[in-house]
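**Student:** just coords:
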């Protein structure tokens, strides 16, 4: 679902939060007020940990499972871990959670008066990952993104006190786009987990077989398919970009970073000839800065 970065080792809390630097978007950049940074990192820690549970990327040794009260012999049971994580999330709202990342989150929940729903949606997305390995249509994929990606945007707007129906709509477009871009970057990695996030109807349209996705490099049909999905992501980023101009100050810089990160990643995919199979194409810092400037100027 989300980029795994390096393996989490040592302190589970620190290891999870350290992954923030590997994402396609800025998580809690230095120019934000300290309270915002702390709260956004708390939200990130939750989202990163639930994805690590769902992807089987928890650090060796079972520290997270122990913190969640899961027996060592069950530490590889992802659905059981997700159930335990949801139970600990419940304690965020009415007791004291066991996992340090959830104790960190509790301060943010209380300070920002956050509700459980966005967090529960992220857990539901990871449950779905254990049960649903393919998506027949683009609409099916969008419904998944409503669980896996869009709640993060809702939480960012809630933490910064800027949520309105129109901003949420624009945020959903951006977050869905970022999720699609990540799926494109991670086609080979996801296939290794027996997951394909490219809609089956699109594979058929471009005459792509799943075996083609396991090749070391992409053939013409796979490249055409990836280009098609990348254009969808770019269109969604353009649709959501007015969110940036609807706010002021440092929040505007943060939201521009989200859009710019997605646009730069799409550019990197295109620059690789839409061949994502050797590994995820990554944008350079100069491209990120160019895209951020263009986004702040209201340019597509």
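**Tutor:** That came in fine, so what should we check first? Predicted model, so just to flag it, every value in this text is computed and none were measured.
**Student:** rest of the way, CA atoms for contacts and neighbours
**Tutor:** Will do.
**Student:** hmm, who's touching stretch 209-228?
**Tutor:** Contacts of stretch 209-228 with the rest of the structure, by Cα atoms under 8 Å, 6 or more residues apart in numbering, involve 184, 187-188, 191, 202-203, 206-208, 270, 273-278.
**Student:** how does it look with 7 Å?
**Tutor:** 184, 188, 203, 206-208, 274-275, 277-278 (Cα atoms under 7 Å, 6 or more residues apart in numbering).
**Student:** cool, and stretch 27-41?
**Tutor:** Contacts for stretch 27-41 (Cα under 7 Å, 6+ apart): 20, 108, 156, 159-160, 250.
**Student:** in it, what's buried?
**Tutor:** Buried residues in stretch 27-41, counted by 16 or more other Cα atoms under 10 Å: 27-29, 36-41.
**Student:** distance between it and the chain's centre?
**Tutor:** The chain centroid and the centroid of stretch 27-41 are separated by 18 Å, computed with Cα atoms, centre = their mean, to the nearest Å.
**Student:** cool, and stretch 232-251?
**Tutor:** 17 Å.
**Student:** so which elements touch the helix or strand encompassing residue 293?
**Tutor:** Assigned by DSSP states H and E, residue 293 belongs to helix 285-296. In terms of contacts (3 or more Cα pairs under 7 Å, 6 or more residues apart in numbering; DSSP states H and E), helix 285-296 is packed against helix 249-271.
**Student:** follow-up on the earlier one: now, which of the contacts of stretch 27-41 sits nearest residue 238?
**Tutor:** residue 156 (19.2 Å; Cα to Cα).
**Student:** so that closest one is in which element?
**Tutor:** Secondary structure from DSSP H and E places residue 156 in helix 150-159.
**Student:** in a markdown table: the buried residues of stretch 27-41, plus secondary structure.
**Tutor:** A markdown table is the format used below for the buried residues of stretch 27-41 (DSSP: H, G, I helix; E, B strand; the rest coil):
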| residue | secondary structure |
| --- | --- |
| 27 | coil |
| 28 | coil |
| 29 | coil |
| 36 | helix |
| 37 | helix |
| 38 | helix |
| 39 | helix |
| 40 | helix |
| 41 | helix |
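**Student:** just to revisit the earlier point, contacts for the helix holding residue 156 next, please.
**Tutor:** 39-40, 112, 118, 121, 163, 168, 171-172, 175-176.
**Student:** most widely separated two among those residues?
**Tutor:** 112 and 176 (24.1 Å).
**Student:** ok, the two, which is more surrounded?
**Tutor:** For residue 112 versus residue 176, neighbours defined as other Cα atoms under 10 Å are more numerous around residue 176 (26 against 15).
**Student:** in which helix or strand does that one reside?
**Tutor:** Assigned by DSSP H and E, residue 176 falls in helix 165-185.
**Student:** mind picking the lowest-pLDDT entry from the buried residues of stretch 27-41?
**Tutor:** Among those, residue 27 has the lowest pLDDT, at 82.
**Student:** roughly how far apart are it and residue 230?
**Tutor:** Residue 27 sits 23 Å away from residue 230, going by Cα to Cα, to the nearest Å.
**Student:** got it, and residue 247?
**Tutor:** Taking Cα to Cα, one finds residue 247 at 27 Å from residue 230.
**Student:** nice, that's everything, thank you.
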